[in-house]
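Asker: pasting the structure only:
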RNA sequence: GGGCGCGUGGCCCAGUGGAUAAGGCGACGGCCUCCUAAGCCGUAGAUCGGGGGUUCAAAUCCCCUCGCGUCCGCCA
């Protein structure tokens, strides 16, 4: 409903401001600090006419008042100093609730169109995913859900690096170390990978063995390919089960090697060598991207003509480019340079450019993580510990529940807590992981929002069904504030979609739950007189629907009780 | 050395051109005969790293500077 109000305010302003002969953009601010929407046009007009913006605001206000009756979602309009403030009408409030109650889980959906290929995670299959990778997965998964809500047709892809040097190192290590059968497969592989790296050290001879393994793979040697494929598939199985456990789904795992074997990489290389930016150095094909602002040249092939990861990535993006309207990649900060070079080269070749969402690193108090060194905290371990902690919290409060129920609750609380803690942080903030915060459930994170949902469910459960509510009875401050917050959900979806920032949804979810908390405290529902009770039940139901929809966008379970 | 990002109360963090800088943790003080206290209310705590500039208006834009992170040709 808020977008409709926004449109009315814009139309109304345009009409009113024309009277003072101003045509350009009409600036409005939807923030709810003071009014529901405010406008700063007065400054603009005042500057042009060299007048006091406060006088201009008064002047415009007169015109607005005269026409405002035709805008049924606008209630009060006033001018505070130079600011023109718009407030929603009573009609707006009841229309908002009607819309939520009829659209249900569709509420908040927008009408954007097109297909998007969203790539996220794409962690190398050399071990389990750790708390750095999961930031990628959570941002990507949440964004995917948000973009679907916005109306896009979204396919999630995980690009599998199945022929990189790390895979060769694991394959090499497999022959020298026994796989720990007690461990989850990706953890077992990680141990071998770290062990192999240690053994390789600076040993040139051993490194040559790894190189020749890689060469045999690229030359299409059946046995080597099978070995690589086997361990990549098994590692991926482990990664996939971790992702599943966090409500993260991937539509397609795309293997890097397919672009080498089907000739795509070679055709990219031959197109590139005909470009005027191309040159050879010691047998390696290079691209001078100086005119695009890159100091360092881009290396397309090794001296021996074999391809490098960025070149194979180019082939992957060229392939994606022909299968969608938009490509979005979620990448760690270490890919900033390479991804902007990739964009430029795709453009040179005439392909679509991906939109890149960069997130900064997650480090440990003792420094950065490294799969190669075996120095990381895995997502499996994080979930295990948070679930354990969540169990203590559940057990403390719900002695009445049986073991199975308590386990079930601890599980969705811990998944939600982890997801929320990560998604709420702006992607461009580097963070340091610490156990104290990760295991703290006494803050306004996911459990708080889930709890608001359970309270609403509990009221609805006890209140029974309601019929034909007279929504105009909802006149208390906390009722109105809650409805207004509910009305802004589509706005949050729109902003998160436009900026590709899922943390906007996380903030909205918290604000929505906070508003319900205040409502809950001040407004009795079950003990209210009949008509009012009916209307309030409808409001609680509307809140329940919206908080459920928001949690859905964050991949967090909305429980009926906890 | 260069590029990019970040710097907001003791700690974490939202806000990226407009009004009184939003929350959380921690601290202090209140609220359960009443829909789950995983809650609600209140108090203390911020020269938005520092300096200069643009603007009617700057945490937000520009320049300089300091600190941290990250990247900088045959790894991925």
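Answerer: Arrived safely. From a predicted model like this one, the values you see are computed outputs, not experimental measurements. Numbering: from 1, shown residues only, chains lettered A, B, ... in the order given.

Asker: need the contact list for the closest residue to residue A:345 other than its chain neighbours.
Answerer: Leaving aside its chain neighbours, residue A:345 sits nearest to residue A:314 (6.1 Å; criterion: CB to CB, 6 or more residues apart in numbering). Backbone N, C-alpha and C define where each C-beta goes, glycine included. Residues in contact with residue A:314, defined by CB atoms under 8 Å, 6 or more residues apart in numbering, are A:268, A:342, A:345-346.

Asker: mind checking which helix or strand residue A:314 is in?
Answerer: Under the criterion of DSSP states H and E, residue A:314 resides in helix A:309-321.

Asker: which parts of that helix are buried?
Answerer: A:310-321 (16 or more other CB atoms under 10 Å).

Asker: now that helix: mean pLDDT?
Answerer: Averaging the model's pLDDT scores along helix A:309-321 yields 96.

Asker: what's the answer for stretch A:125-140, then?
Answerer: The average pLDDT within stretch A:125-140 is 96.

Asker: return the distance of it from the chain's centre.
Answerer: Here stretch A:125-140 is found 13 Å from its chain centre; the criterion is CA atoms, centre = their mean, to the nearest Å.

Asker: how about that stretch and RNA strand B, any contact?
Answerer: No. Residues of stretch A:125-140 are not located near RNA strand B by CB under 7 Å from any atom of the strand, the shortest gap being 8.9 Å.

Asker: likewise for stretch A:221-238?
Answerer: No. Judged by CB under 7 Å from any atom of the strand, stretch A:221-238 makes no contact with RNA strand B; its nearest approach is 11.6 Å.

Asker: centre of the chain versus that stretch, how much separation?
Answerer: Taking the mean of its C-alpha atoms, stretch A:221-238 sits 31 Å from the chain's own mean (CA atoms, centre = their mean).

Asker: next, the buried residues of that stretch.
Answerer: By neighbour count on 16+ other CB under 10 Å, the buried set for stretch A:221-238 is A:224-225, A:227-229, A:231-232, A:234-236, A:238.

Asker: for the stretch 251-400 of chain A, which segments count as strands?
Answerer: Applying DSSP state E, counting those that start in this stretch to the stretch 251-400 of chain A gives strands spanning A:252-255, A:278-281, A:284-287, A:298-299, A:326-332, A:355-359, A:362-363.

Asker: with the stretch 101-250 of chain A instead?
Answerer: A:115-119, A:153-160.

Asker: could you do the stretch 401-550 of chain A as well?
Answerer: In the stretch 401-550 of chain A, the strands defined using DSSP E, counting those that start in this stretch lie at A:431-432.

Asker: which parts of it sit against RNA strand B?
Answerer: Along the stretch 401-550 of chain A, the residues adjacent to RNA strand B under the rule CB under 7 Å from any atom of the strand are A:409, A:413, A:424-426, A:428-431, A:437, A:440-444, A:447-448, A:451, A:454-455, A:458-459, A:462-463, A:501, A:503-504, A:507, A:510, A:514, A:517-518, A:520-521, A:523-527.

Asker: if we can go back for a sec, from the buried residues of stretch A:221-238, pick the one nearest residue A:357.
Answerer: residue A:236 (22.9 Å; CB to CB).

Asker: from memory the closest one sits against residue A:253, does it?
Answerer: Yes. Counting by CB atoms under 8 Å, residue A:253 is a contact partner of residue A:236 at 6.5 Å.

Asker: which residues do those two both contact?
Answerer: Contacts common to residue A:236 and residue A:253, judged by CB under 8 Å, 6+ apart, are residue A:160.

Asker: any idea which helix or strand carries residue A:79?
Answerer: Taking DSSP H and E as the criterion, residue A:79 maps to strand A:74-80.

Asker: hey, where'd the helices end up in the stretch 351-500 of chain A?
Answerer: For the stretch 351-500 of chain A, the helices defined by DSSP state H, counting those that start in this stretch cover A:379-397, A:403-423, A:435-438, A:446-463, A:477-487, A:489-499.

Asker: as a whole number, average confidence for the second one?
Answerer: If I follow you right, that is helix A:403-423. What helix A:403-423 shows for mean pLDDT is 95.

Asker: now do stretch A:242-253
Answerer: Mean per-residue pLDDT for stretch A:242-253: 97.

Asker: what's the answer for stretch A:284-295, then?
Answerer: Stretch A:284-295 shows a mean pLDDT of 91.

Asker: cool, and stretch A:90-104?
Answerer: Per-residue pLDDT values across stretch A:90-104 average out to 95.

Asker: buried sites along that stretch?
Answerer: Buried residues in stretch A:90-104 (16+ other CB under 10 Å): A:92-97, A:99-101.

Asker: same check, this time on stretch A:472-486
Answerer: For stretch A:472-486, by 16+ other CB under 10 Å, it's A:473-474, A:478-479, A:482-486.

Asker: ok, which pair from those residues is furthest apart?
Answerer: Most distant of those, by CB to CB, are A:473 and A:485, 18.9 Å apart.

Asker: how is chain A carved up into domains?
Answerer: Using automatic domain parsing, the domains assigned to chain A come out as A:2-88, A:120-363, A:382-553.
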